[in-house]
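Peer 1: 3D model of this:
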Amino acid sequence: MSTQPSPTNTTETSTQSGQKLEGLLDIPRAAKVLGISPKTLRDHVLHRRIDYVKIGGRVLFRPDTLWGFIERNTVHALQ
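Peer 2: All right, here's what the predicted structure looks like:
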């Protein structure tokens, strides 16, 4: 029984700490990047609060989607 490698997206995004994120992230990895629980991220998906890629039964996220979600939910200081 041979396994084929998972398809990857060549999208590359830098984190604020300079780390690189490549390809699509699954729910556990995306939740870790966002600093929320996988259950909370699934709730965001259910209520369509975040964009996602659906391949088969898998829900995946582009790194740039996660950074956009962070930007849209950032509350800026008044000063």
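Peer 1: What about W67, how many residues nearby?
Peer 2: Neighbour count for W67, taken as other C-beta atoms under 10 Å: 17. Quick note: C-beta positions are derived from backbone N, CA and C, even for glycine.
Peer 1: which phi and psi does it have?
Peer 2: phi -70, psi -40 (degrees, to the nearest 10).
Peer 1: Likewise for S37?
Peer 2: Dihedral angles for S37 - degrees, to the nearest 10 - are phi -80, psi 150.
Peer 1: is it true that it touches A31?
Peer 2: Yes. Shown here, S37 and A31 form a contact pair, counting by C-beta atoms under 8 Å, at 6.0 Å.
Peer 1: quick one, which of those two is more surrounded?
Peer 2: Higher neighbour count among S37 and A31: A31, with 20 against 13, using other C-beta under 10 Å.
Peer 1: right, and the helix or strand after whichever strand or helix holds that one?
Peer 2: Per DSSP states H and E: A31 is located in helix 27-34. Sequence-wise, the next helix or strand downstream of helix 27-34 (DSSP H and E) is helix 38-46.
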